[in-house]
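>>> need coordinates for the following:
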Amino acid sequence: MNKKDPAGYYALLGVPETATATEIKSAFRQNAKALHPDRNPSPDAVRQFQHLNEAYQVLSNPDTRARYDTLYAQIPQSETASSHQVAPEPIVCSCCKKVTAQPRYIIFFQVTSFIVLTIRTPIQGIFCPKCAESKAIQSTITTWLLGWWGLPWGLIYSVSTIFQNLFGGSKPNEVNARLLIYQAWVFATQNKFELARGVAADAEDFARKIKKEDKRKVLNLVEELLSALDTKTPIKRLKNVWSIPNRAFYVQGSILIAVATLFVSSVAYVPTETNHTSPSVSPTHPDTSSPSPPKPEYVRPITADNGVPFPSTSSYIDGYPIQSTDGYSKVIVDNSQNDSDVFVKLFTLDTNRPAPVRVFFIRAGEKFTIENIKAGNYDVRYRDLDSGFLARTDPFDLREVEILERIEFSEVTLTLYKVYGGNMQTHSISENEF
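Model (predicted):
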């Protein structure tokens, strides 16, 4: 019996253990036609057809196939790692067939669509890091090229699949815990005790994430193995070769950023309409007015409007007074959603004319906190230093109330967005208002 096919499911379908989901489905259809009791006169046809259905039900589901593929990874109950004399076969990568100290059973997906039909296909197996990266990238590229065109599920499945592959695919906790326990035991039979302890510690990490009732059973297996391998010294943890970000993350992320940039650029571009209507010109009073000069292109300034250079970090700008400081309130201006630096002013609205009381600079992707602000009515005005765009927020109140010998005060967070309609309403303003 093939230990990697304990129930003979792959043999019954006539496919190898590394067969794709598409190959398994095709093989099932061919065998089902031959074994169907209506076509097969054999008295054993019903039992064979039921067995074929059972094989397909297990192998066509990514989760049950993952458990079936790793059934052979069991430590014999009658033997221990220290007494076993014949070294068992170690787990190898499904693709390159090489032994790795940190194998992972991973399920990636790829999506293909045909107008009204969308298919989400699992790509799964035991992988080494290098082969897993290749599978992730191939699956994601296929999804980008072929997944979007189906209605209505193509877009939905493609988005979820791309992000799942981006972060390393699905790694079933119980399957990987048992896989690593077995691999640790194999290394122990080879007298590689420190390596075995490191792999067993990885298995314990997966076992602690199991949410089913089997969690305690798997943890007991790990603890028994670690106890048998105990050398009274701390375990040397293995370097995590599966950490994110890795090469596959950067490749898939670059594709995602490129597509997103292309999409935003195409949506943001609005062609200028040309008016072809000839203006009416009086024959006695010809229009001698000259065309207005073109508006100069915006150039990012290197200094604030008081002539002081912008600081290198998010902070107040030198030369501006810091006012309205006799309070307790706090305002957090969040620029973490943007890739542009901003020049910001906090305006008080309690004077005859709105006036700035705090002036500061926030780098792209960062936040800045204004503290000890006096109670009153304010708004925030800012300039996007990449585009020159000027905007202000809706007015907001900062309040202070003394309750039971302590002061309750306001804390407001304002998130800046380049796109209108975010969770903070903004309004375009003129240079004079800034």
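>>> show me where the stretch 151-300 of the chain has helices.
Assigned by DSSP state H, counting those that start in this stretch, the helices in the stretch 151-300 of the chain fall at 153-166, 173-189, 193-207, 215-228, 247-268.
>>> for residue 48, which of these is the nearest?
Of all the helices of the stretch 151-300 of the chain, helix 173-189 sits nearest to residue 48, with 29.2 Å by C-beta to C-beta. From N, CA and C alone the C-beta is placed, and that goes for glycine too.
>>> may I have the closest one as CSV, with CA atoms only?
C-alpha atoms of helix 173-189 as CSV (Å, rounded to 0.1, in the frame of the first residue of the first chain):
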residue,chain,number,x,y,z
ASN,A,173,-3.3,24.7,11.9
GLU,A,174,-3.9,21.1,12.8
VAL,A,175,-2.5,19.7,9.6
ASN,A,176,0.7,21.7,9.9
ALA,A,177,1.1,20.9,13.6
ARG,A,178,1.0,17.2,12.9
LEU,A,179,3.2,17.6,9.9
LEU,A,180,5.9,19.3,12.0
ILE,A,181,5.6,16.9,14.9
TYR,A,182,6.3,14.1,12.4
GLN,A,183,9.3,15.9,10.8
ALA,A,184,10.7,16.7,14.3
TRP,A,185,10.5,13.0,15.2
VAL,A,186,12.3,12.1,11.9
PHE,A,187,15.1,14.4,12.8
ALA,A,188,15.3,12.9,16.3
THR,A,189,15.7,9.4,14.8
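>>> and that helix, how far out from the chain's middle?
28 Å (C-alpha atoms, centre = their mean, to the nearest Å).
>>> mind listing what's buried along it?
By 16 or more other C-beta atoms under 10 Å, the buried positions in helix 173-189 come out as 173-189.
>>> what does stretch 125-135 give?
125, 126, 127, 128, 129, 130, 131, 132, 133, 135.
>>> can I get those residues in CSV with pLDDT?
Below are the buried residues of stretch 125-135 laid out as CSV (pLDDT from 0 to 100):
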residue, pLDDT
125, 96
126, 97
127, 96
128, 95
129, 95
130, 95
131, 96
132, 96
133, 95
135, 96
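>>> about what we covered before: wait, which of the helices of the stretch 151-300 of the chain is closest to residue 59?
Closest to residue 59 of the helices of the stretch 151-300 of the chain, according to C-beta to C-beta: helix 173-189, at 14.8 Å.
>>> list the helices and strands the closest one packs on?
For helix 173-189, the contact count by 3 or more C-beta pairs under 8 Å, 6 or more residues apart in numbering; DSSP states H and E identifies helix 62-69, strand 104-114, helix 193-207, helix 215-228 as packing neighbours.
>>> got the angle for the shortest one vs strand 104-114?
Helix 62-69 and strand 104-114 meet at an angle of 140 degrees, taking axes from the mean of the first three to the mean of the last three C-alpha atoms, to 10 degrees as the criterion.
>>> which residues of this protein score low on pLDDT?
By pLDDT under 70, the low-scoring segments of the chain are 1, 78-87, 269-295, 404, 417-424.
>>> where along it do the strands fall?
Assignment of strands within the chain using DSSP state E yields the ranges 104-114, 117-127, 315-316, 329-334, 342-348, 355-362, 367-373, 376-384, 390-393, 396-398, 400-403, 406-409, 411-415, 426-428.
>>> alpha carbons only: can I get the fifth one in CSV?
Read it as strand 342-348. Provided in CSV are the C-alpha atoms of strand 342-348 (Å, rounded to 0.1, in the frame of the first residue of the first chain):
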residue,chain,number,x,y,z
VAL,A,342,0.8,68.7,4.4
PHE,A,343,1.1,72.3,5.7
VAL,A,344,-1.6,72.7,8.4
LYS,A,345,-3.1,75.5,10.4
LEU,A,346,-5.5,75.3,13.3
PHE,A,347,-7.9,78.3,13.1
THR,A,348,-9.9,79.8,15.9
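>>> strands paired with that strand, and their directions?
Note on strand 342-348: by DSSP bridges, its sheet partners are strand 355-362 (antiparallel), strand 376-384 (antiparallel).
>>> run the chain-centre distance for that strand.
On the basis of C-alpha atoms, centre = their mean, strand 342-348 sits 34 Å off its chain's mean C-alpha point.
>>> give me the contacts around that strand.
Residues outside strand 342-348 that contact it (C-beta atoms under 8 Å, 6 or more residues apart in numbering) are 304, 310, 323-324, 331, 333, 335, 354-362, 368, 370, 373, 376-385, 392, 416, 434.
>>> show me which of those are buried.
By neighbour count, with 16+ other C-beta under 10 Å, the contacts of strand 342-348 hold 304, 310, 324, 331, 333, 335, 354, 357-362, 368, 370, 373, 376, 378-385, 392, 416, 434 as buried.
>>> and this protein, what are its domain boundaries?
Following automatic domain parsing, the chain resolves into domains at 9-60, 87-263, 315-428.
>>> and residue 67, which of the ones you listed is closest to it?
Ranking the domains of the chain by proximity to residue 67 (C-beta to C-beta) places domain 87-263 first, at 6.0 Å.
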